[in-house]
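Engineer: Pasting the sequence and the predicted coordinates here, then a few questions.
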Amino acid sequence: MTAEYRLHGDVAVITLNNPPVNGLGYDTRVGITNGLEKANADAAVKAIVITGAGRAFSGGADIREFNSPKASQEPNLLSVIGAIEHSAKPVVAAIHSVCMGGGLELALGAHYRVAAPGAKVALPEVKLGLIPGAGGTVRLPRALGVETALNMIVSGEPVNSELLAGLPEQKLFDKMAASPEALLDEAVALAKEMAAKHADGSPLPLVRNLAVKHPNGDAYFQFARNMVKGMVKNFPAPLKCVDAVENATKYKFDEALAKEREIFIALMQTPESKSLRHIFAAERAASKIADVGDDVKPREVKKVGVIGAGTMGGGIAMNFLNAGIPVTILETKQEALDRGLATIRKNYESQLKRGKLKQDKYDQRMALLTPTLAYDDLKDADLIIEAVFEEMGVKEQVFKKLDEVAKPGAILASNTSTLDVDQIAAFTQRPQDVVGMHFFSPANVMKLLEVVRGKATAKDVLATVMQIAKKIKKTAVVSGVCDGFIGNRMIERYSQQAGFLLDEGATPQQVDKAMEKFGMAMGPFRMGDLAGNDIGWAIRKRRYVEKPDMKYSKTADLLCELGRFGQKTGAGWYDYQPGKRDAIPSKLVEDMIEKHRQDQGITPRKISDQEIVDRLVYALVNEGAHILEDGIASKAGDIDMVYLTGYGFPIWRGGPMQYADQVGLFNVAESMKRFAKNPRDDAAFWQPAPLLAKLAAEGKTFN
């Protein structure tokens, strides 16, 4: 049972027990209503306490039932809250640890509430593109006042129970328990006291009966709308939160509740909410690997080694220092080591200046860092990550050396962004201990970590890396071995299309603006200038040998031949002024593109922003479908997580595969067939991947 019923003398205690956060799934809701019925039918029971087992009162809806009929099956949460309110015997909610979403709405339905110190209280539905849907927008303003409630509902952020209990006008908590351990006893004692108080049949108090108004309602809600509008232009839910709370102040309770439900149901159908709910589920699913169960025990990681103190190596080291894990950082030359340490210091000092870091934390982190020029100093490291030059010969030297010095059972990881992890593993006598850990630049900021699973990588190595990723606050996504893994394999197709668009008549700024308007953090040409155009050049040179039939626009090569590698050289697709990152359109680049078109005999045409977006995004989607077919990614949601956390794909669109699902795969495949007819494009690439064609024909989706 996910809701247990026990007697504590003459008080019935209903304990939600649905780990990990006592989600209010169908069985739990039935358990609560059955418990209420049983307690009310038993003459020996005087009152009822509802609490949660383990580490939560309740975190709200059960995410395992998202998008399934069980989510709204009766008794739904509104009906459960109704049953609590109608209980003839007092119901006390004993709140601790986590009381969020539907969990808080459930507690607001109780006659009395006791909270343990340290409980996190929130209505986080806005983070899923929704508003609370079981009375949260109507009851919380009555319990906490309009302004506090609206701030909580619009932000979705948790607030500590002590803070809320200290508000002068609050009616949310009737009592604060002395400690989490004392909570249940104090809740049972309050239940008995209230049973005695209402033994004469006097009505039990209900939050719904409290008055709610704002002294300057119209002006306040207008101000709130203006504030919210400026902050969340691509998300409809925050403004709807304002509407719902305003309704609570203007309509009778049941009318406001009905309006809340209408808004909630309408938001459920928006692409933004579908995307945010997809991301919520995909992020959790990404950390689970089908054949690596809970029985696989991770290895211990107490010390980390990083090889290379350049931009990547330094950034990687900072992740571990931030998590309190000692790092030994190795370079081959003293000046390179000094330079790397100076950059790490500079990064931390800028955080100090901005007040993001306290002096004692800075000292603590720097004390965990040991610089060295000797491989021997890595002999007691549990995890060693190389971040050296992206060239197989260099990797070979490093891994052969690591094989000699690393202790047995140490995990040897490569930060390669495109190279074959199986080939790297073969340089050692312990391929089972080798894994790819592809950090994204800047490594101390970017959330994404591509975990590359070699054919020999041991399961406990994978389990360890996934666990350590959580510790250093990364979103880890597992990829198989292929050229470019998930992210870079797809971005190559995206950049390829961007090049064809230049050939056909677009300018770099038009392409970038169209993609940025779509929601990308930056367009492909600004991205190239930031990353360094020489990186793509090196990959294309390799491609010309390995895949001579793969088509590219020559514009990117011509740019690199001019030495315009991007921001680092002060010139790329755009011009840059010293010390500034503003991309200034370049006359020289425009002339170069124009001359290239003339040399190729191309008459430029007018290209719409919609065509730019469709070609670039569907290029990602089609390659993503091939990646799924090849088993490089195990699920479409993993590809979406890579693009959302590593490539600046707009969150409200849910990632490229989710976006394609929302456009409709039939429509995506039809567009691809049109693009294949363009003589300047790559007709072979635009054949819809077999998986995409199959799903489109069956009316199905990737996710």
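Structural biologist: Noted; the coordinates are in hand.
Engineer: Next up, the contacts around the residue most central in space within the chain.
Structural biologist: The structure's the chain has its C-alpha centroid closest to residue 283; by C-alpha atoms, centre = their mean the separation is 5.7 Å. By C-beta atoms under 8 Å, 6 or more residues apart in numbering, the contact list for residue 283 reads 475, 641. Placement of C-beta: from N, CA and C, glycine included.
Engineer: Just the element for it, please.
Structural biologist: When elements are assigned from DSSP states H and E, residue 283 belongs to helix 271-286.
Engineer: pull the CA atoms of that helix into CSV?
Structural biologist: Only the C-alpha atoms of helix 271-286 are listed here, as CSV (Å, rounded to 0.1, in the frame of the first residue of the first chain):
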residue,chain,number,x,y,z
PRO,A,271,3.6,23.4,-26.7
GLU,A,272,5.5,25.1,-23.9
SER,A,273,4.1,23.0,-21.1
LYS,A,274,4.4,19.8,-23.2
SER,A,275,8.1,20.7,-23.8
LEU,A,276,8.8,21.5,-20.1
ARG,A,277,7.1,18.3,-18.9
HIS,A,278,9.1,16.4,-21.6
ILE,A,279,12.3,18.0,-20.3
PHE,A,280,11.4,17.1,-16.7
ALA,A,281,10.9,13.5,-17.6
ALA,A,282,13.9,13.3,-20.1
GLU,A,283,16.3,14.7,-17.5
ARG,A,284,15.5,12.0,-15.0
ALA,A,285,15.4,9.3,-17.7
ALA,A,286,18.9,10.4,-19.0
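Engineer: can you pull the buried residues of it?
Structural biologist: Buried positions in helix 271-286, judged by neighbour count with 16 or more other C-beta atoms under 10 Å: 271-279, 281-283, 286.
Engineer: Output these in TSV; the columns should cover pLDDT and distance to residue 247.
Structural biologist: Formatted as TSV, the buried residues of helix 271-286 follow (pLDDT from 0 to 100; distance: C-beta to C-beta, whole Å):
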residue	pLDDT	distance to residue 247
271	95	24
272	95	21
273	94	19
274	94	24
275	95	26
276	94	23
277	92	24
278	94	28
279	94	28
281	91	30
282	94	33
283	93	32
286	94	38
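Engineer: Can you give the strand pairings for whichever helix or strand comes after the helix holding residue 283, parallel or anti for each?
Structural biologist: Next along the chain after helix 271-286, taking DSSP H and E as the criterion, comes strand 304-307. Using DSSP bridges, strand 304-307 pairs in its sheet with strand 327-330 (parallel), strand 383-386 (parallel).
Engineer: among those strands, which is the most enclosed?
Structural biologist: Counting by mean count of other C-beta atoms under 10 Å, strand 383-386 has the highest mean neighbour count of the strands paired with strand 304-307, with a mean of 26.
Engineer: for the next helix or strand after that strand, packing partners?
Structural biologist: Remark: after strand 383-386, the chain's next helix or strand is helix 392-405, criterion DSSP H and E. If contacts are counted by 3 or more C-beta pairs under 8 Å, 6 or more residues apart in numbering; DSSP states H and E, helix 392-405 sits against strand 383-386, strand 411-414, helix 421-425.
Engineer: Adding mean pLDDT and distance to residue 466, write those out as TSV.
Structural biologist: Converted to TSV, the helices and strands packed on helix 392-405 look like this (pLDDT from 0 to 100; distance: least, C-beta to C-beta, whole Å):
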stretch	mean pLDDT	distance to residue 466
strand 383-386	98	13
strand 411-414	98	12
helix 421-425	97	16
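Engineer: Nearest approach to residue 319 belongs to which of these?
Structural biologist: Residue 319 lies closest, by C-beta to C-beta, to one member of the helices and strands packed on helix 392-405: strand 383-386, at 9.8 Å.
Engineer: In the stretch 551-700 of the chain, mark out all the helices, start to finish.
Structural biologist: Using DSSP state H, counting those that start in this stretch, the helices of the stretch 551-700 of the chain run over 555-561, 587-600, 609-629, 636-646, 656-663, 665-676, 690-697.
Engineer: again with the stretch 51-200 of the chain
Structural biologist: 77-85, 102-109, 136-144, 146-155, 161-165, 183-197.
Engineer: out of these, which comes closest to residue 241?
Structural biologist: So among the helices of the stretch 51-200 of the chain, helix 146-155 is nearest, using C-beta to C-beta, at 4.7 Å.
Engineer: Next, the angle from that closest one to helix 102-109.
Structural biologist: Angle, helix 146-155 to helix 102-109, by axes from the mean of the first three to the mean of the last three C-alpha atoms, to 10 degrees: 160 degrees.
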